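Asks: Predicted model follows, preceded by the sequence.
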Amino acid sequence: MTTTRVLARIAVLVVSFLTIPSAEAQQPAGIMRTDLQRYDLSTGGREAVQVRVDIAPGHAFGRHTHPGEEIIYVLAGTFQYDVEGKPPVTLKAGDVLFIPAGTVHAAKNVGNDTASELATYIVEKDKPLLTLVK
């Protein structure tokens with residue numbers, strides 16, 4: 001029994017170390033996404049997800065969509081958001097932005113320091129949180 005437990009723990013550690021590089025590889029250069037929390041909502045098939053996004057100066061997160069609404073609160077720095085169907089908007093710390101479900105959008109750090117946002121998503125469960133658009 002003890003040998004089985006030790007082997008199981010070793011297997012978990014190996015899998016954990018193997019998945020860390022692949023998760024980091026999915027992050028574009030100059031961008032760090034940190035998952036903060038994810039919870040099922042009382043509305044069936046929906047979940048709330050909160051992510052901190054940090055973008056280095058001059059870097060951008062390309063055009064993408066989400067399977068639900070995104071509510072943005074800028075924590076630091078200066079972002080330019082391009083939301084399909086609207087003129088670009090520049091936001092600074094303390095500003096907010098709402099992006100409707102399925103709307104194509106992009107974000108760029110147009111300041112001289114790292115820009116950070118708190119992104120809250122109200123999305124359909126079991127769908128990719130983010131889909132890149134060409």
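Replies: In hand now; what should we look at? Please read all numbers here as calculations on a predicted model, not as lab measurements.
Asks: Any stretches of this protein with poor pLDDT?
Replies: Applying pLDDT under 70 to the chain flags residues 1-26.
Asks: Which parts of this structure are strands?
Replies: Using DSSP state E, the strands of the chain run over 31-40, 46-55, 60-65, 68-76, 78-83, 89-92, 96-99, 105-109, 115-124, 131-132.
Asks: So which of those strands is the most surrounded?
Replies: Highest mean neighbour count of the strands of the chain: strand 105-109, a mean of 22 (counted as mean count of other Cβ atoms under 10 Å). No exception for glycine: its C-beta is placed from N, CA and C like everyone else's.
Asks: For that one, which outside residues touch it?
Replies: Strand 105-109 has contacts (Cβ atoms under 8 Å, 6 or more residues apart in numbering) with 53, 55-65, 70, 77-84, 99, 115, 117.
Asks: Wait, residue 45 touches residue 124, no?
Replies: Yes - taking Cβ atoms under 8 Å as the definition, residue 45 is a contact partner of residue 124 at 6.0 Å.
Asks: I'd like the distance between residue 42 and residue 48.
Replies: 10 Å (Cβ to Cβ, to the nearest Å).
Asks: contacting residues for residue 98?
Replies: By Cβ under 8 Å, 6+ apart, the neighbours of residue 98 are 69-72.
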